[in-house]
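Novice: Fold the following, please.
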Amino acid sequence: MIELLAALSASAAVGMRIALPLLLIGLLYGSDLWAKAPLLSRVPPPIILGTLVSWSCVELLLTKERLGQRFVQLVQLVFSPIVGAIVGITVARSVAAEDWMIGIIGVVGGLLALVLQLVQVGWFFRLQGLPLWVIFIQDFLCVSLVLFAFDAPTQGGLIALLLLWLAIRSTSEWHRWYRQQGSSGDRANPRRHKQDPD
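Specialist: A predicted model of the protein is given here:
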């Protein structure tokens with residue numbers, strides 16, 4: 001159970017930023033963890049380090065403005081399930097999880113990262129851009145969840161589950177908001193007779 005909570009914590013961090021969690025894992029816990037990663041183990045560490053540092057800078061700097069958020073979110077949406085699975089498997093291997101469990105943890109980690117990314121994209125379009133204070137909270141949570149994954153996996157896993165609960169609540173709130181846009185006699189199809197897109 002601890003292995004799953006640790007992997008959920010790291011995968012939730014990937015749901016907010018892609019390169020920063022991998023960079024923190026390599027810098028804080030040694031590059032030998034990169035050797036346990038499924039795809040990263042085949043790439044020389046200097047290339048991994050250069051790529052992760054570059055993309056971490058892009059994530060930290062470009063997300064502070066609306067156009068940069070849109071570009072970064074597009075890339076994160078594509079790669080988050082892959083990186084979430086990689087991080088989940090890496091954390092599971094580092095805590096010596098059983099072999100049959102590692103694949104399941106990888107799939108769950110990838111799905112969690114994708115769900116959190118989808119919710120961020122939804123809020124981005126719903127609010128016409130994420131506020132700056134939300135971006136700083138994302139950065140803080142990303143770093144904290146990576147640290148929790150190795151030092152306090154129970155707390156990190158519970159935070160990841162809380163984020164998943166908030167994501168589910170967000171989708172139900174969007175559905176309610178979407179249904180309320182329709183006229184009182186046509187709640188089943190709110191988009192009928194609409195001129196402006198959502």
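Novice: For stretch 20-36, list every residue counted as buried.
Specialist: Neighbour-count burial for stretch 20-36 flags 20-26, 29, 33-34, 36 (criterion: 16 or more other C-beta atoms under 10 Å). Bear in mind the C-beta positions are built from the backbone N, C-alpha and C, glycine included.
Novice: Give me the residues contacting it.
Specialist: With contacts defined as C-beta atoms under 8 Å, 6 or more residues apart in numbering, stretch 20-36 is touched by 10, 13-14, 37, 40-41, 45, 48-49, 52-53, 56, 59-60, 83, 86-87, 89-90, 93-94, 139, 142-143, 145-147, 150.
Novice: Show me those that map onto helices.
Specialist: If you go by DSSP state H, the contacts of stretch 20-36 have 10, 13-14, 45, 48-49, 52-53, 56, 59-60, 83, 86-87, 89-90, 93-94, 139, 142-143, 145-147, 150 in helices.
Novice: ok, of the residues you listed, which come out buried?
Specialist: Among those, the ones that count as buried by 16+ other C-beta under 10 Å are 10, 13-14, 48-49, 52, 56, 59-60, 83, 86-87, 89-90, 93-94, 139, 142-143, 145-147, 150.
Novice: list the contacts for residue 70?
Specialist: Applying C-beta under 8 Å, 6+ apart to residue 70 gives the contacts residue 124.
Novice: Mind checking what helix or strand follows the strand or helix carrying it in sequence?
Specialist: Here residue 70 sits within helix 66-94, counting by DSSP states H and E. Going down the chain from helix 66-94, the next helix or strand is helix 99-127, by DSSP H and E.
Novice: now that next one against helix 66-94, angle please.
Specialist: Going by axes from the mean of the first three to the mean of the last three C-alpha atoms, to 10 degrees, helix 99-127 is angled at 170 degrees with respect to helix 66-94.
Novice: so what secondary structure elements neighbour helix 99-127?
Specialist: helix 2-14, helix 66-94, helix 153-180 (3 or more C-beta pairs under 8 Å, 6 or more residues apart in numbering; DSSP states H and E).
Novice: what angle separates the last one from helix 66-94?
Specialist: With the same axes, to 10 degrees as the criterion, the two stretches helix 153-180 and helix 66-94 enclose an angle of 140 degrees.
Novice: Please spell out which residues along helix 153-180 are buried.
Specialist: By 16+ other C-beta under 10 Å, the buried positions in helix 153-180 come out as 153, 155-157, 159-160, 163-164, 167, 170.
Novice: Let me see the mean pLDDT of it.
Specialist: Helix 153-180 comes out with an average pLDDT of 83.
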